[in-house]
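Colleague: task: produce atomic coordinates for the following.
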Amino acid sequence: MNRGKVYSVSSVNQYIKNMFINEYALAVIFVKGEISNCKYHSSGHIYFSLKDASSQLACVMFRGDRNGLDFRLENGQEVVVGGSVSVYERDGKYQLYAKKIVLAGDGLLAEKYEQLKKKLEEAGYFDEDRKLPIPRYVKRVGIVTAETGAAVRDMMQIAARRNPYVQLVLYPAKVQGAGAAESIVRGIKRLDKESVDVIIIGRGGGSMEDLWAFNEEIVADAVFQCRTPVISAVGHETDTTISDYVADLRAPTPSAAVELAIYDARQALEALYTAKDRMARAMLSDLEDMREHLEQSQARLKFLNPGNQLDSKRQYLTDMEEKLSLYMERILQEKKHAFAMLSGRLDSVSPLKRLQEGYAYVAGKDGHGISSVEEISVGDSICVSVTDGSFQAGVTQVNGGQS
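Modeller: Down below sits the predicted model:
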């Protein structure tokens, strides 16, 4: 036996490991299979195997990579494992070092969904400031959905009930399976040229795989580039697709999308009647205010009118004249009353009245009355006045004191 160079076991394993490391196809790889021999080690690592009908592959997920694992691995689960294939030098065995594990089927789709969502979000596809407003009153509504099925029937019935005057333009698209995304894109682009006011894209509920066409990047691009406002209404209320995030408005169901897009004619008429009544009440209120203002202005003008001012002054003078007359009458009566009282008092001391009572009035030659014997002397001439005349007399005797 001709022996060449002899290598150690470690050297061989190291060489093989380097071969795995340098192989790009094994550096990042996704492997689908069934979980078997699953063991959660006390160290936090998970050891398991992936198998299919004819082979199996040893796998390990280290504790530091378990943060992204949101479910517990169980034997029999169908999963997709992402990671790299390399050699464990100590045992000389190659194995898959798992970095990411998702359930097969919806799990794989969910992974693709999250990757595309993150990509588009970073590219600004979901930014609110770029979204178009949905017109309040539309005349033409474009719909991209399957030509048959409950969704389109419900949408047509709701549209007819809310506003039969709104025109629906249907683009019959394939919404599931191969070619569905391309069909939806053609529908969006076609309706964007048809001068519709809003476009609704959607379909009824289903599994994630059924709804996957609305998670395709080409559909997201078509919605993003569309110049017409787009409402995305895919599946049920709990379903959320990439198109929902990109669209200008997301509706929980296709029926709800129609209700959001088409205004209710009855409510519009009720609002119109309410506005009419409100306007009529406002006009009547304004007229009443203007009438009251006019009446106040007329009253003020009437008050300021020269003729009215003359009448007012004339009436004032008449009132003052009447008051003055009453005042003068009252003063006159008071004066008459005072005069009567003075006349009575004067009458009580009148010489004439005394004369009528039998008394006489004696005056000296100077005409002054004589009230004392000291004012006359014997031989003086005196004038004696009585009630019916007077006569001259001479003083022959003067007696003083009481006689």
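
Colleague: now the strands for the stretch 251-400 of the chain?
Modeller: Applying DSSP state E, counting those that start in this stretch to the stretch 251-400 of the chain gives strands spanning 361-363, 381-386, 389-394.

Colleague: and of those strands, who's closest to Phe30?
Modeller: Ranking those by proximity to Phe30 (C-beta to C-beta) places strand 361-363 first, at 165.6 Å. Where you see a C-beta, it was placed from the backbone N, CA and C, and this is true even at glycine.

Colleague: just the buried positions in the closest one, please.
Modeller: Buried residues in strand 361-363, counted by 16 or more other C-beta atoms under 10 Å: 361-362.

Colleague: which strands and helices lie in contact with it?
Modeller: In terms of contacts (3 or more C-beta pairs under 8 Å, 6 or more residues apart in numbering; DSSP states H and E), strand 361-363 is packed against helix 351-356, strand 381-386.

Colleague: other residues contacting the last one?
Modeller: Right, strand 381-386. 355, 360-365, 367, 370, 376, 390-395 (C-beta atoms under 8 Å, 6 or more residues apart in numbering).

Colleague: how about 6 Å then?
Modeller: Strand 381-386 is touched from outside by 360-363, 365, 390-394, with contacts defined as C-beta atoms under 6 Å, 6 or more residues apart in numbering.

Colleague: out of the residues you listed, which are buried?
Modeller: 361-362.

Colleague: out of the contacts of strand 381-386, flag the one nearest to Ser42.
Modeller: Distance ranking of those against Ser42, using C-beta to C-beta, places Tyr361 first at 165.6 Å.

Colleague: distance check, the closest one against Phe391.
Modeller: 12 Å (C-beta to C-beta, to the nearest Å).

Colleague: Ala151: neighbouring residues, count only.
Modeller: 23 (other C-beta atoms under 10 Å).

Colleague: before we move on, back to that, any idea which of the helices and strands packed on strand 361-363 scores lowest on pLDDT?
Modeller: Mean pLDDT is lowest for helix 351-356 out of those, coming in at a mean of 67.

Colleague: can you pull the buried residues of stretch 201-213?
Modeller: In stretch 201-213, counting by 16+ other C-beta under 10 Å, buried: 201-205, 208, 210-213.

Colleague: next: stretch 171-188.
Modeller: Buried-residue list, stretch 171-188, by 16+ other C-beta under 10 Å: 171, 173-176, 180-185, 187-188.

Colleague: among those, which are in strands?
Modeller: Tyr171 (DSSP state E).

Colleague: biggest separation within the buried residues of stretch 171-188, which pair?
Modeller: Largest pairwise distance in the buried residues of stretch 171-188, by C-beta to C-beta, is 16.7 Å, between Gln176 and Ile188.

Colleague: what about the helices in the stretch 151-300 of the chain?
Modeller: Secondary structure of the stretch 151-300 of the chain (DSSP state H, counting those that start in this stretch): helices at 180-192, 217-225, 242-246, 254-261, 265-304.

Colleague: can you tell me which of the ones you listed is nearest to Val12?
Modeller: Nearest of these (C-beta to C-beta): helix 217-225, 45.5 Å.

Colleague: any chance you could list what contacts that closest one?
Modeller: By C-beta under 6 Å, 6+ apart, helix 217-225 touches 116, 120, 125, 181, 184-185, 188, 230, 242-243, 246-247.

Colleague: quick one: mean pLDDT for that helix?
Modeller: Per-residue scores along helix 217-225 average to 95.

Colleague: now it against helix 180-192, angle please.
Modeller: Comparing the axes of helix 217-225 and helix 180-192 via axes from the mean of the first three to the mean of the last three C-alpha atoms, to 10 degrees yields an angle of 20 degrees.

Colleague: I figured Cys226 hits Leu191, correct?
Modeller: No - the pair Cys226 / Leu191 is not scored as a contact, 8.5 Å apart, by C-beta atoms under 6 Å.

Colleague: neighbour count: these two, which is higher?
Modeller: Leu191 (25 against 19).

Colleague: could you list every helix and strand in contact with whichever strand or helix holds Ser84?
Modeller: Assigned by DSSP states H and E, Ser84 falls within strand 78-88. Packing partners of strand 78-88 (3 or more C-beta pairs under 6 Å, 6 or more residues apart in numbering; DSSP states H and E): helix 9-22, strand 29-40, strand 93-103.

Colleague: which one of the contacts of helix 217-225 sits closest to Lys139?
Modeller: With C-beta to C-beta as the yardstick, the closest approach to Lys139 among those comes from Val230, at 17.2 Å.

Colleague: check contacts around the closest one.
Modeller: Val230 neighbours (C-beta under 6 Å, 6+ apart): 199, 223, 247-248.
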